[in-house]
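> Give me coordinates for this.
(one chain, ligands or ions: 1)
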Amino acid sequence: MSGEWFTETLYTDYQQRLKVAKILHRESTGYQDLLIFENPCFGRVLALDGIVQTTEGDEFAYHEMLVHVPILAHGDARRVAIIGGGDGGALEEALKHDVERVAVVELDPRVVALSRRYLPSICGDAFDDPRAEVIFRDGAAFMKETDEAFDVIVVDSTDPVGPSVALFEQAFYADCRARLGESGVLVTQSGVTFMQEQEARDTYARLKPLFADAWLYLTQVPTYGAGFMTLGWASRSAAPRATPLAEIERRYRAAGIETRYYTPEVHVAAFGLPGYIRALMG
Ligand code: AG3
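Residues are numbered from 1 along each chain as shown. Purely as a prediction, here's the structure:
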């Protein structure tokens with residue numbers, strides 16, 4: 001931070017700055033540097049190790065696409081795992097569906113505690129829902145050791161630096177596959193492609209040999225900057241991604257959820273990729 005600006009330290013040759021109207025909390029958690037501040041345009045902002053993770057203003061564009069796309073493509077998701085996601089934004093979206101259980105596997109207990117305290121507009125009361133369980137563990141170790149089955153696995157990670165590197169490796173994806181049922185779906189946060197090309201390239205190349213269907217899909221999150229973010233997609237069957245628009249619409253209406261970014265049209269269109277992203281997939 002310099003003066004009253006927060007400068008993101010994600011890239012060497014490109015930066016975004018957000019005005020800091022007020023610092024709400026700052027600490028070193030033992031895992032990472034955590035900062036929550038208020039910005040006049042985006043509301044409360046959560047940054048970890050100097051990188052914006054989520055904001056009140058635009059979290060919907062990320063969490064809705066990360067969660068509703070796989071759940072509505074699956075069609076009957078009862079058991080969901082969220083790897084990372086300690087701010088509760090993805091959890092809150094998942095609980096809007098008729099699910100039995102959502103396990104959030106988060107490494108850093110302070111992210112959950114401080115998000116509950118400062119970001120209730122993002123997590124709501126999701127952490128108090130009896131269907132939710134928070135497991136404070138390394139996500140890769142959890143997936144290797146659990147014998148629980150999931151219909152949908154959502155990897156809501158930080159960028160691949162430090163402990164989250166393991167969440168971008170093929171061994172982790174293979175462990176996820178082993179925990180998914182026949183029409184199970186895995187989705188992953190794969191970076192802002194214009195700036196983090198290698199991340200999208202690696203994600204797709206690592207998923208493809210393991211799953212019957214692998215792809216990338218798009219969302220656009222203002223505070224992630226520099227264009228589209230791609231989310232990794234992998235499924236044990238081709239069916240979920242091939243679900244026709246009319247059926248996605250029917251499921252969306254049946255779920256009775258309200259969304260601000262996600263629509264059934266956007267769901268289907270998100271798999272149509274611009275040439276510069278398609279080119280990374282070989
Ligand atoms: N996880 C994704 C943050 C990505 C930020 N990186 C970037 N701009 N390339 C966010 C966690 C929110 N639940």
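> got a list of what Ser190 touches?
With contact taken as C-beta atoms under 8 Å, 6 or more residues apart in numbering, Ser190 is in contact with Gln196, Glu199, Ala200, Thr203, Leu216, Met229, Thr230, Leu231, Gly232. To be clear about C-beta, it is placed using only N, CA and C from the backbone, and glycine gets the same treatment.
> and what of Asp76?
Asp151.
> which secondary structure element contains it?
Asp76 is located outside every helix and strand, with elements delineated by DSSP states H and E.
> ditto for the one 4 residues further on
Assignment of secondary structure by DSSP H and E places Val80 within strand 79-84.
> quick revisit: tell me which of the contacts of Ser190 fall in strands.
Counting by DSSP state E, these place Leu216, Met229, Thr230, Leu231, Gly232 in strands.
> how many neighbours does the fourth one have?
Leu231 is surrounded by 25 other residues when neighbours are defined as other C-beta atoms under 10 Å.
> can you pull the contacts of it?
Met65, Leu66, Val69, Val187, Thr188, Gln189, Ser190, Leu216, Tyr217, Leu218, Thr219.
> just those residues that are near the ligand?
Gln189 (C-beta under 6 Å from any ligand atom).
> and which of the contacts of Leu231 is nearest the ligand?
Gln189 (4.7 Å; C-beta to the nearest ligand atom).
> The contacts of Leu231 in helices, which ones?
Among the contacts of Leu231, the members found in helices (DSSP state H) are Met65, Leu66, Val69.
> quick one: which of those residues is nearest to Ser115?
Leu66 (16.0 Å; C-beta to C-beta).
> Make sure that closest one is actually in contact with Ile153.
No. Using C-beta atoms under 8 Å, Leu66 is not in contact with Ile153; the gap is 11.3 Å.
> so what sits against both of these two?
Common neighbours of Leu66 and Ile153 (C-beta under 8 Å, 6+ apart) are Val187.
> Relative to Ser237, how far out is Thr145?
Quick fix: residue 145 is Glu, not Thr. For Glu145, the distance to Ser237 equals 25 Å [C-beta to C-beta, to the nearest Å].
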